[in-house]
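**Q** please work out how this folds:
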Amino acid sequence: MVSEVSFLALTSSCFLKSLETPTVYNVEKDELYELSGEAFAFLQGLPARVGDSVDREFLDYCLQERIVSFSENPVVRVPFVQDSPVPSLRYLELNITDRCNLTCSHCYLGASRSGDMPLPLIAGIMEEFALLQGLRLLITGGEPLLHREFWTVNERLRGRPFRSILLSNGTLITGEVAKRLQVHEVQVSLDGWKASHDCLRGDGTFRKAVKGIEHLLSQGIRVSVATMVHAFNLHDFERLEKYLQEIGISEWNVDVPCVAGRMVDHPDIYLPPERAAPYLKYGFSEGSHASSGNHVCGAHLCAVLPDGKVCKCAFFAEEPAGMVQREGLRKCWSLIPRMNLNELQCDCEQLMECRGGCRYRALLYQDMYAKDPVQCFARGFTP
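**A** Numbers count the residues shown, from 1 in each chain. Model (predicted):
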């Protein structure tokens, strides 16, 4: 083992979180570990000398998972722990701008309205999200790199007790941009191969996005990819899957767009749910923004828009729960309407798996309590 005078401390990438249950979160690995009360108390007491009182089996596990490490001197870190709200706010979509360098045909946001979120507001939201025990901060837009003070925002991400993910179209990510980024992950949109991607996002955008991915990977930044199923990319999925696996993409999220924003004016893009749903079989290592307990989608997620509105997600921009600069993030989170699985008009045995799907899609299909037709068809049911 080690000398009895060794000190034990949490690794720099791990943070204690008091969620519905005690946990420790590794922001680098994006791993959340549930703890017993005894284990949580032990980790709260670090740094400490290693003695006979340590549970060796638990210690070996923590060392293996790189939750703790040894050092010759005590590494003091103030535990950043207070009780979270219930349900906990784990994932925050922070829309720092609605300006974009592209005018994608399927963009649900439509035209820019409010521009950039003020830097002091961004800083305050990040502080409060940390206090609320947040896990993943999704920095999005618009194209977030267009925020006038993006690089200041970028620098303020250092050392935060949450994982930061930049959502980008990839076209502005040069080698220099990739070198300067402080985020843990970048999600880049690829909506098919060259022709089918460019027909939605503009000529040359596929080439630029792929180049951006290459720059990110060369800097050791984890890259995930998001793909929307549309009428012009159905023949691309096998080729895209092979390519993403070859270059080492560890997460590929495939979804069906909702008819909102600019897509309303481009009906040729749209596929009916029964045609689009089978393509959800593609994708791998889906993100961890799931609900829990008896809650439907969004149980642990909300969005803050550039003007400070807080809503269930950006699709519900016209139904804000409050203004973050007025009520604060905790209060706004408490005001977001909750829905339970047993309130839905769903009766299949896979309800606990799909969690009712997307409520905005259900609303477009019928109402907030209706079935999500995409999820139904994807699982072999007719809604």
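
**Q** against Ser114, how distant is Arg66?
**A** 41 Å (C-beta to C-beta, to the nearest Å). Quick note: C-beta positions are derived from backbone N, CA and C, even for glycine.

**Q** try Asn101
**A** Relative to Ser114, and taking C-beta to C-beta, Asn101 is found at 17 Å.

**Q** kindly report the same for Ile336.
**A** 20 Å.

**Q** for those two, indicate the residue with more neighbours.
**A** Counted by other C-beta atoms under 10 Å, Ile336 and Ser114 do not tie: Ile336 has more neighbours, with 22 against 15.

**Q** OK, contacts around that one?
**A** Gly298, Cys302, Val310, Cys311, Lys312, Ala321 (C-beta atoms under 8 Å, 6 or more residues apart in numbering).

**Q** got any ranges where this structure has weak pLDDT?
**A** The chain contains residues with pLDDT under 70 at 1-5, 51-53, 78-80, 112, 286-288.

**Q** give me the domain ranges for it.
**A** Domain assignment for the chain by automatic domain parsing gives 7-71, 91-338, 341-383.

**Q** quick one: which of the ones you listed is nearest Asp83?
**A** domain 7-71 (5.0 Å; C-beta to C-beta).

**Q** so Pro306 lies in a strand, does it not?
**A** No. Under DSSP: H, G, I helix; E, B strand; the rest coil, Pro306 sits outside any strand and is assigned coil.

**Q** can you pull the contacts of it?
**A** Neighbours of Pro306 in contact, by C-beta under 8 Å, 6+ apart: Asn95, Ile96, Thr97, Asp98, Ser114, Gly115, Asp116, Met117, Gly142.

**Q** what does Leu234 give?
**A** Leu271, Tyr279.

**Q** ok so it is a helix residue?
**A** No. Counting by three-state DSSP, Leu234 falls outside a helix, being coil.

**Q** got phi/psi on it?
**A** phi -60, psi -30 (degrees, to the nearest 10).

**Q** how much space separates it from Gly142?
**A** Leu234 is 28 Å from Gly142, by C-beta to C-beta.

**Q** follow-up on the earlier one: closest to Val54 among the contacts of Ile336?
**A** Nearest member of these to Val54, counting by C-beta to C-beta, is Cys302, at 39.5 Å.

**Q** can you give me the neighbour number for that closest one?
**A** 21.

**Q** try the one 10 residues further on
**A** Counted with other C-beta under 10 Å, the neighbours of Lys312 add up to 21.

**Q** excluding chain neighbours, what is closest to it?
**A** Gly298 (5.1 Å; C-beta to C-beta, 6 or more residues apart in numbering).

**Q** just say helix, strand or coil for the one you found.
**A** coil.

**Q** and it, what is it in contact with?
**A** Here Gly298 is in contact with Ser291, Lys312, Cys313, Ile336, Arg359 (C-beta under 8 Å, 6+ apart).

**Q** these two touch, right, the second one and Pro337?
**A** Yes. Under the criterion of C-beta atoms under 8 Å, Lys312 is in contact with Pro337, at a separation of 7.4 Å.

**Q** common neighbours of these two, please.
**A** With C-beta under 8 Å, 6+ apart, Lys312 and Pro337 have common neighbours Ala321.

**Q** can you list the domains of the chain in a markdown table and add distance to Ser84?
**A** What follows is the domains of the chain, written out as a markdown table (distance: least, C-beta to C-beta, whole Å):
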| stretch | distance to Ser84 |
| --- | --- |
| domain 7-71 | 5 |
| domain 91-338 | 4 |
| domain 341-383 | 20 |
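
**Q** out of the ones you listed, nearest to Val81?
**A** domain 7-71 (4.9 Å).

**Q** of all the contacts of Gly298, which comes closest to Ser36?
**A** For the contacts of Gly298, the nearest to Ser36 is Ser291 (24.2 Å; C-beta to C-beta).

**Q** distance check, the closest one against Gly298.
**A** Relative to Gly298, and taking C-beta to C-beta, Ser291 is found at 7 Å.

**Q** then Tyr279?
**A** Tyr279 is 23 Å from Gly298, by C-beta to C-beta.

**Q** do Ser105 as well
**A** Distance from Ser105 to Gly298, by C-beta to C-beta: 26 Å.

**Q** same check, this time on Tyr369
**A** Tyr369 is 14 Å from Gly298, by C-beta to C-beta.

**Q** ok, now Arg207?
**A** From Arg207 over to Gly298 (counting by C-beta to C-beta), the distance is 35 Å.

**Q** equivalent analysis for Leu109, please.
**A** Counting by C-beta to C-beta - Leu109 and Gly298 are separated by 18 Å.
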